[in-house]
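**Q** let's see this in three dimensions:
(one chain, ligands or ions: 1)
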Amino acid sequence: MKNTNILEVKNLTFGYEDEPVLENFNMSISKNEILLIDGENGAGKTTLLKCITNIINNGKNIFINGVEVFSDKSVLKNISFIMSEDTLYDYLTLKENIIFFKTLFDEDDEYVDNVKSLCNELAIDKYEDYLIKNLSQGTRNKLYLSIMLSKKHNILILDEPFTALDKNTQSIMINKIKSNSKEKEKCVIMVTHVSEFKEISTRVMTINKILN
Ligand SMILES: Nc1ncnc2c1ncn2[C@@H]1O[C@H](COP(=O)(O)OP(=O)(O)OP(=O)(O)O)[C@@H](O)[C@H]1O
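**A** Here you go, the predicted structure:
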């Protein structure tokens, strides 16, 4: 039978120095799911997301469409990872940041059109010639989310990026995440304490702290 899981974590064990965080951890996610990862502070939620996105542990035990990231890093192109801190460039303008990420992600003109249309919807297009360092945190967040949602991906991963968003932006983001997850072969994994985002999840998985 065909494996319909887009992402699988198989028997992942990871820890920092003497502190084990994940032990023989398993999870999978299939298309159209919005998975909420829950758990107390320090349980290992961000650590898991960093393992999935190859920031730590070199992609071992992480499978994207059946291919282990460790053996073929090109499968990471399928992921868009939105963290709580943005990765925008302070000394480039809003417009220049869009183009910078186009090159970085090897994107096409459709990506630029999508980011611009989201910036327009979020009413930040008027800042296109402003340096990022002169923009408010909320405006930065809106641009960062617009870029990362427009990048080609089929796995959207969000790690608490919603704290500085106003209600209107929150509801635009909720609609984007929901419609994104409904597209062909796409899924969403998120860690959030914001209840409006928790409510749109289709499944909740709790990570428990390892007791020594
Ligand atoms: N770079 C690091 N070096 C050493 N220990 C770390 C590092 N990052 C996280 N830890 C430890 O690993 C454990 C899991 O941390 P992690 O950030 O993954 O938890 P979390 O569930 O995301 O927590 P929170 O809800 O507070 O964000 C914690 O005990 C934390 O102190």
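
**Q** ok, residues contacting stretch 77-95?
**A** By CB atoms under 8 Å, 6 or more residues apart in numbering, the residues outside stretch 77-95 that reach it are 6, 49, 52-53, 64-65, 96-97, 100, 119, 124, 127-133, 135, 140-141, 143-145, 148-149, 151-161, 163. Placement of C-beta: from N, CA and C, glycine included.

**Q** what's the burial count for C187?
**A** A count of neighbours around C187, defined by other CB atoms under 10 Å, yields 22.

**Q** quick one: contacts for it?
**A** Neighbouring residues of C187 by CB under 8 Å, 6+ apart: 6-7, 29-35, 154-156, 181.

**Q** sorry, back to before: make a PyMOL selection of the buried ones in the contacts of stretch 77-95.
**A** Remark: buried members of the contacts of stretch 77-95, expressed as a PyMOL selection using 16 or more other CB atoms under 10 Å:
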select buried, resi 6+49+52+53+64+97+119+124+127+132+135+140+141+143+144+145+148+149+151+153+154+155+156+157+158+159+160+161
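
**Q** which of the contacts of stretch 77-95 are close to the ligand?
**A** The subset of the contacts of stretch 77-95 within reach of the ligand, counting by CB under 6 Å from any ligand atom, is empty.

**Q** the contacts of stretch 77-95 in strands, which ones?
**A** Per DSSP state E, strands hold the following members of the contacts of stretch 77-95: 6, 64, 155-159.

**Q** quick one: which of those residues is nearest to the ligand?
**A** Nearest to the ligand out of those is D159 (CB to the nearest ligand atom; 7.7 Å).

**Q** I appreciate the help and will end here.
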